[in-house]
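>>> With the sequence up front, the predicted model follows.
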Amino acid sequence: MDVQVRNGDSLWYYSNTFNVPLPLIIHSNPNINPASLSRGQTIHIPGYRLENYTIEPGDTFYKLATNRRLSIDSLLLVNPRSNPNGLRIGQTVKIPTRVTSAIIHPREKYDYQTMTSDLENLTELYPFMKTRAIGKSVMGKSLIELQIGDGDKVIHWDGSFHAQEWITTCVIMEFVNSYLLALTNNETIRGRVMGPFYSEITLSIVPMVNPDGVDLVLNGPPNGSYGESAIQINNGSTDFSGWKANIRGVDLNNQYPANWEMEAARKPKEPKPRDFPGYSPLTEPESKAMAELAGELNYETMLAFHTQGEVIYWGYENCEPPRSRQIVNEFSRVSSFEPIRYVYSFAGYKDWFIQDFRKPGFTVELGQGINPLSIRQFDEIYQKALGIFLASMYM
C-alpha cells in the first residue's frame with residue numbers, strides 16, 4: 001500500500017498509525033531518506049492493501065475508522081482528495097486493510113512459474129523482502145535468492161537441488177509467507193516473537209536451485225533440444241518422476257569439490273536422471289551460482305533441504321565445528337529427526353560448505369516415503385520442518 005507524504009509526516013508516524021514496525025517501513029523504502037521526507041513522496045507501507053468502499057447513508061470517516069479499528073488519519077492518508085466532512089452517497093473511498101492471512105498456498109504441484117508468481121505477490125505486499133537473481137539455469141531461468149532481515153548473521157536455506165524433491169520449495173515458501181506475516185503484524189510463530197530475528201539475522205533463501213529439473217518433473221520435457229536430450233537420457237521415457245538431475249542430466253548435489261573424485265569413481269560416467277556428478281566439479285551454472293553465493297555471503301549456518309528419510313546429516317570429514325553437534329541436537333529435539341554425523345557420500349553442497357568454511361552445515365531430509373513425496377503429506381512435513389526453521393534462527 002502506498003501513501004503520499006504530507007507536511008509534517010514521518011516514517012515513525014506511519015509506523016504508529018498503521019502499527020507496523022519502523023524498520024520494516026524503512027527497508028520497504030530504501031531510496032527514501034527517513035530523516036528528510038519531502039511532500040508528495042510515495043511511501044510503501046508493508047502488509048496492507050487498499051480496498052474500495054462505496055459510501056452508504058450515515059457513513060462518516062469516524063464511523064468507518066471505528067468499525068475497522070483504524071485511525072481517522074489513516075483514512076485521510078489514503079484518500080487525500082476526499083472531503084471528510086462532505087462524503088457523498090455512492091462515492092468510492094479507499095480503506096487501508098491489513099493482510100492477516102497467507103497470500104500464497106504452495107500445496108500443489110509447484111513449478112518455477114508458480115514460484116515466481118508467488119514471489120512477485122509477496123514482494124509487492126512486503127517490499128522489505130529483497131529478491132535478486134544469483135545466476136541462470138542451463139535453460140536461462142533466473143536462480144532467485146530472497147533476503148529477509150537486517151542482521152549481520154547470515155543463515156542460508158535452499159531447496160530443490162534435486163528435481164523430484166520439489167516439495168522442499170513448497171515448505172520453504174510456506175514459511176517465508178508465515179514469517180513475513182508475523183513480522184508485519186507483530187505476531188509470534190510457535191510462541192516466539194519474530195521481530196528480534198529480523199534485526200539480528202539476514203535470511204538468505206534460494207527456494208528452487210534446480211528450476212529446469214523441477215519443471216521437467218512436473219510439466220514434462222520442454223520443446224527443443226533440451227527436451228529431446230532429456231528423453232534420450234531418460235531411456236526414451238517421458239515419465240520423469242524419478243529425475244533428480246538438472247536438465248543436462250547432472251546431479252547438482254554431486255558437483256562440489258569435496259572429494260569429488262571419490263564420488264565420481266563410484267557414480268555414473270555420463271549424464272543420467274540421477275547421480276551423475278558431471279565430468280568435473282562445478283560444471284553446471286546452478287552449482288556454480290550456489291558456490292559463489294556462499295563465498296559472497298559467508299553464511300554463519302547453512303541448511304539444504306531434501307527429501308526423504310527424516311534424518312539430518314551434519315558432519316563432513318571431521319571439518320565441522322564443535323557447535324554443529326549442539327545445533328543438530330536442537331534440530332532433532334524440535335523435529336524428531338535422527339542426526340547422522342557421517343555417511344559414505346561426498347561432493348555435496350553441505351560437504352563442500354563445511355570443508356571450505358568450517359561452519360555448521362546440514363542436509364535436512366524431510367518426509368518419509370518414495371520420492372517424489374505426495375503433496376498430501378505437506379502439512380505433516382511442514383510442521384516438522386517449522387521447528388528446524390525456527391531453531392536455525394535462534395541457535
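On my side now, so go ahead. As the structure is a computational prediction, the values presented were derived from the model and not from experiment.

>>> Can you list the low-confidence ranges for the stretch 101-250 of the chain?
For the stretch 101-250 of the chain, applying pLDDT under 70 flags no range at all.

>>> residue ranges for the helices of it, please.
112-125, 167-184, 195-200, 211-219, 225-233 (DSSP state H, counting those that start in this stretch).

>>> contacts for the fourth one?
By C-beta atoms under 8 Å, 6 or more residues apart in numbering, the surrounding residues in contact with helix 211-219 are 109-112, 115, 137-139, 141, 143, 160, 162-164, 166, 169, 208, 222, 226, 230, 240-241, 243-247, 252, 372. In short, each C-beta sits where N, CA and C put it, glycine included.

>>> Same check on the third one?
Taking contacts as C-beta under 8 Å, 6+ apart, the residues outside helix 195-200 that touch it are 21, 23, 24, 148, 149, 150, 151, 153, 183, 186, 393, 394.

>>> go with 6 Å
The contact list for helix 195-200 (C-beta atoms under 6 Å, 6 or more residues apart in numbering) reads 149, 150, 151, 183, 393.

>>> Out of these, give me the one that has the most neighbours.
Greatest neighbour count in the contacts of helix 195-200, by other C-beta atoms under 10 Å, goes to residue 183: 26 neighbours.

>>> Could you point out which of the contacts of helix 195-200 is nearest to residue 350?
residue 393 (18.4 Å; C-beta to C-beta).

>>> if you look at the contacts of helix 211-219, which of them are in strands?
residue 143 (DSSP state E).

>>> Now which of the contacts of helix 211-219 would you call buried?
110-112, 115, 137-139, 141, 143, 160, 162-164, 166, 169, 208, 226, 230, 240, 243-247, 252, 372 (16 or more other C-beta atoms under 10 Å).

>>> mind putting the contacts of helix 195-200 in CSV, distance to residue 261 included?
Below are the contacts of helix 195-200 laid out as CSV (distance: C-beta to C-beta, whole Å):
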residue, distance to residue 261
149, 38
150, 41
151, 38
183, 45
393, 36
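
>>> Out of these, name the ones that lie in strands.
residue 149.

>>> Closest one of the contacts of helix 195-200 to residue 190?
Distance to residue 190 across the contacts of helix 195-200 (C-beta to C-beta) is lowest for residue 393, with 11.6 Å.

>>> Could you report the pLDDT at that closest one?
In this model, residue 393 is scored at 97, pLDDT.

>>> mind listing what the closest residue to residue 87 other than its chain neighbours touches?
Taking C-beta to C-beta, 6 or more residues apart in numbering, and ignoring the residues beside it in sequence, residue 87 has residue 55 as its nearest neighbour in space, at 5.0 Å. When contacts are counted by C-beta under 6 Å, 6+ apart, residue 55 is found next to 87, 89, 91.

>>> would you list every one of the strands in the stretch 251-395 of the chain?
Ranges of strands in the stretch 251-395 of the chain, per DSSP state E, counting those that start in this stretch, are 301-307, 311-313, 338-340, 361-366.

>>> Can you give the distance of the longest one from its chain's centre?
This means strand 301-307. 13 Å (C-alpha atoms, centre = their mean, to the nearest Å).
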